[in-house]
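S.K.: please work out how this folds:
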Amino acid sequence: MRSRISTTPSVLNFFVVAVLLLRVNFWGTPVYAQGVPLPPGGGGAGDAGASTPAPVVNPLTIASNNVDPSIAMPGDVVTLSFDTDVQPLITPVATIGGHTATVTEGAPVSLGDGLGTEYPWTASVTMQSGDTEGIIVFTLDAGSVDGTATTTVPDVANPGTTDGSSVTFKNASPVLAETTPVPTPTNNTAPSYSFTSSEAGTLTMSGTGCSTSATTTGVGVNAIIFNTLAGGTYACSITVTDTNGNASAPLSMSKFVIDTTPPVITLNGNASMSLTVGDTFTDPGATAADTVDGTDPVTTSGSVGTSTAGTYTLTYNAVDAAGNTAKPVTRSVTVNAPPAPAPPSSGGESSNGPIVGSFGEHAIVPTPPAPSPPPAPNPVSAVPADESGSSNENSPAPTPTKTVNVPSFHASTPAPVVATVAPRTPNEPPVVASPTSSQVAGVAAVVETPANASVESGLGEFLQEFWWWLLILLILGAGYWVWKKYRREHYETGD
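M.R.: All right, here's what the predicted structure looks like:
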């Protein structure tokens with residue numbers, strides 16, 4: 001406690017009392033009692049007609065019951081504490097933050113050694129939501145023992161406390177609002193989140209699996225990044241506590257899903273398909289299954305050209321809502337060339353016309369047989385032999401036969417021709433049997449192709465003339481043989 005002016009009669013004390021009783025100084029300014037100004041015209045010591053002086057108010061402090069005594073929030077109690085040097089006749093009156101305070105008198109305290117007695121007082125109010133924010137303003141009026149003088153602590157920028165204390169009122173806790181939620185679903189395992197705060201403070205995050213390395217926030221927009229998250233659904237909340245210990249209401253974040261599993265593509269139908277040029281192709285397509293989305297759309301790249309033979313590849317892709325890309329799946333489609341037309345069959349004559357055969361590099365067809373030679377004396381008739389080698393069981397007695405191999409362009413070995421030869425006289429020339437028309441047709445016939453028409457035509461003509469030249473040569477040979485025999489017999493007989 002501050003020492004009081006002694007009431008012991010002395011020259012010094014008398015002088016001090018006399019000064020305090022003066023209402024104004026030489027410049028007309030009110031006199032201060034223990035540093036507290038007395039208002040002009042106010043009742044106090046020295047007032048005309050006053051019997052007692054105004055009380056001395058000292059010390060005078062203000063504080064809040066908040067964790068920080070210099071801050072008050074709605075519901076906090078703000079208290080003025082002061083002492084007077086006399087027992088006022090009337091209980092002091094005080095206002096705090098616009099509210100009338102409840103004033104309570106404490107037990108008097110003796111200063112001892114003739115220094116007098118102090119009378120402690122408290123004036124308190126409970127701050128309300130909606131009170132004006134800022135430094136809390138107060139007023140105090142304390143009267144004298146007979147009520148004729150009053151000491152007033154003025155409501156000025158300097159609150160008038162003796163220790164310089166003050167209390168600032170804050171109407172509310174920090175207010176939070178979401179600005180940018182976490183995208184959902186997302187494959188980012190360390191997503192970012194932003195929100196606004198009306199005050200700076202300490203950040204607290206709650207929720208299963210929810211955490212961040214951020215610990216403080218500022219006024220305005222704040223961005224935070226989550227620590228690495230596993231796949232799943234998250235429901236997180238944040239709280240900001242300002243420097244006065246006032247916690248905001250929890251801000252519940254929008255729920256979000258972390259998805260790191262890509263979709264799986266399954267082909268409809270076979271992975272390999274085939275068709276023929278000119279066919280119509282319909283893509284069976286594919287499906288994509290996803291653990292979060294259920295199904296995802298499938299995109300196809302590539303095409304199938306049904307007018308051109310070849311192998312074509314179709315590629316199927318899918319991306320889920322979180323941005324996970326599926327493993328591509330492919331389908332192979334083979335377009336085959338149309339089959340070539342069947343070639344004509346080969347062989348001899350038929351009722352429908354000539355049969356195509358082959359001769360070296362040339363295709364061949366039958367040509368008309370060569371004409372039979374004119375009949376000769378004792379003709380030789382040529383007939384095909386049956387399996388037993390005889391002609392007919394009803395014919396006359398067997399006659400000598402001779403087999404001649406006739407070349408065939410349709411077979412790898414000559415085709416045999418059996419000729420029945422009738423007996424002849426020694427002077428008759430030999431007669432050679434002519435082949436049948438089917439055997440002649442088998443010997444040679446050239447099918448003309450555009451590139452070899454002249455060659456094939458010459459070969460056909462040659463074969464047609466072959467038998468005539470052979471007959472002529474045989475006749476000449478027979479004549480020569482007769483002539484030689486004649487000369488030998490003529491010279492031997494001497495004729």
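
S.K.: show me the chain divided up by domain.
M.R.: 11-169, 176-258, 264-336, 342-382+400-444+480-495 (automatic domain parsing).

S.K.: I'd like the average pLDDT over the helix or strand hosting residue 333.
M.R.: Here residue 333 sits within strand 329-336, counting by DSSP states H and E. Summarised as a single mean, pLDDT over strand 329-336 is 97.

S.K.: name the residues that touch it?
M.R.: For strand 329-336, contacts defined as Cβ atoms under 8 Å, 6 or more residues apart in numbering pick out 265-267, 269-277, 279, 281, 283, 286, 304-306, 308-316. Where you see a C-beta, it was placed from the backbone N, CA and C, and this is true even at glycine.

S.K.: now the strands for the stretch 101-250 of the chain?
M.R.: With DSSP state E, counting those that start in this stretch as the criterion, the stretch 101-250 of the chain has strands at 102-105, 109-110, 117-126, 134-135, 138-143, 150-153, 168-169, 176-180, 192-197, 201-206, 216-217, 220-225, 232-234, 237-242.

S.K.: quick one: strands adjacent to the second one?
M.R.: According to DSSP bridges, strand 109-110 forms sheet pairs with strand 117-126 (antiparallel).

S.K.: for the partner strand, buried residues please.
M.R.: Neighbour counts over strand 117-126 (16 or more other Cβ atoms under 10 Å) mark 118, 119, 120, 121, 123, 124, 125 as buried.

S.K.: and of these, the nearest to residue 138?
M.R.: Distance to residue 138, by Cβ to Cβ, is smallest for residue 123 among the buried residues of strand 117-126, at 7.8 Å.

S.K.: residues in contact with the closest one?
M.R.: 79, 80, 82, 92, 94, 96, 101, 102, 103, 104, 138, 140.

S.K.: what count of nearby residues applies to residue 263?
M.R.: For residue 263, the count of nearby residues is 26 (other Cβ atoms under 10 Å).

S.K.: surely it touches residue 289?
M.R.: Yes: with contacts counted by Cβ atoms under 8 Å, residue 263 reaches residue 289, the gap being 6.1 Å.

S.K.: who touches both of those two?
M.R.: Both residue 263 and residue 289 are in contact with residue 296, where contact means Cβ under 8 Å, 6+ apart.

S.K.: which SS state does the nearest residue to residue 303 once chain neighbours are set aside fall under?
M.R.: Among residues not flanking residue 303 along the chain, residue 312 sits closest, at 6.9 Å (Cβ to Cβ, 6 or more residues apart in numbering). Assigned with DSSP: H, G, I helix; E, B strand; the rest coil, residue 312 falls in the strand class.

S.K.: hey, what's residue 312 bridged with?
M.R.: residue 333.

S.K.: residue 160 versus that one, what's the distance?
M.R.: 95 Å (Cβ to Cβ, to the nearest Å).

S.K.: these two - which one has more neighbours?
M.R.: Legend: neighbour count by other Cβ under 10 Å for residue 312 and residue 160, higher for residue 160 (21 against 17).

S.K.: now the more buried one. Nearest residue, chain neighbours left out?
M.R.: Nearest residue to residue 160, sequence neighbours excluded (Cβ to Cβ, 6+ apart): residue 153, at 4.3 Å.

S.K.: confidence score at the one you found?
M.R.: pLDDT at residue 153 comes out at 79.

S.K.: then residue 141?
M.R.: pLDDT recorded at residue 141 is 88.

S.K.: and it, what does it touch?
M.R.: For residue 141, the contact set (Cβ under 8 Å, 6+ apart) comprises 92, 93, 94, 150, 151, 152, 153.

S.K.: which two of the contacts of residue 123 have the greatest separation?
M.R.: Based on Cβ to Cβ, the longest span within those runs between 104 and 138 and measures 15.4 Å.

S.K.: of these two, who's got more company?
M.R.: Neighbours were counted for residue 104 and for residue 138 using other Cβ under 10 Å; residue 138 has more, 25 against 12.

S.K.: which residues touch the more buried one?
M.R.: Taking Cβ under 8 Å, 6+ apart as the definition, contacts of residue 138 comprise 62, 80, 94, 95, 96, 97, 101, 123, 153, 155, 159.

S.K.: return the item of the residues you listed having minimum pLDDT.
M.R.: Of all the contacts of residue 138, residue 155 carries the smallest pLDDT score, 44.

S.K.: okay, now the unreliable bits of the stretch 301-450 of the chain?
M.R.: Where the stretch 301-450 of the chain drops to pLDDT under 70, the residues are 345-450.

S.K.: one more time with 50
M.R.: Residues of the stretch 301-450 of the chain meeting the criterion pLDDT under 50: 348-366, 378-395, 404, 406, 408-415, 417-421, 431-433, 438-450.

S.K.: for PyMOL, write the select line for the buried members of the contacts of residue 123.
M.R.: Entered in PyMOL, the line below selects the buried ones among the contacts of residue 123, by 16+ other Cβ under 10 Å:
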select buried, resi 79+80+82+92+94+96+101+103+138+140
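
S.K.: need the contacts of residue 123 in a markdown table (columns: distance to residue 344).
M.R.: Formatted as a markdown table, the contacts of residue 123 follow (distance: Cβ to Cβ, whole Å):
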| residue | distance to residue 344 |
| --- | --- |
| 79 | 125 |
| 80 | 128 |
| 82 | 134 |
| 92 | 137 |
| 94 | 131 |
| 96 | 124 |
| 101 | 128 |
| 102 | 128 |
| 103 | 133 |
| 104 | 133 |
| 138 | 126 |
| 140 | 133 |
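
S.K.: test my guess that the residue nearest to residue 303 contacts residue 283.
M.R.: No: here residue 312 does not reach residue 283: they are 10.7 Å apart, not a contact under Cβ under 8 Å.
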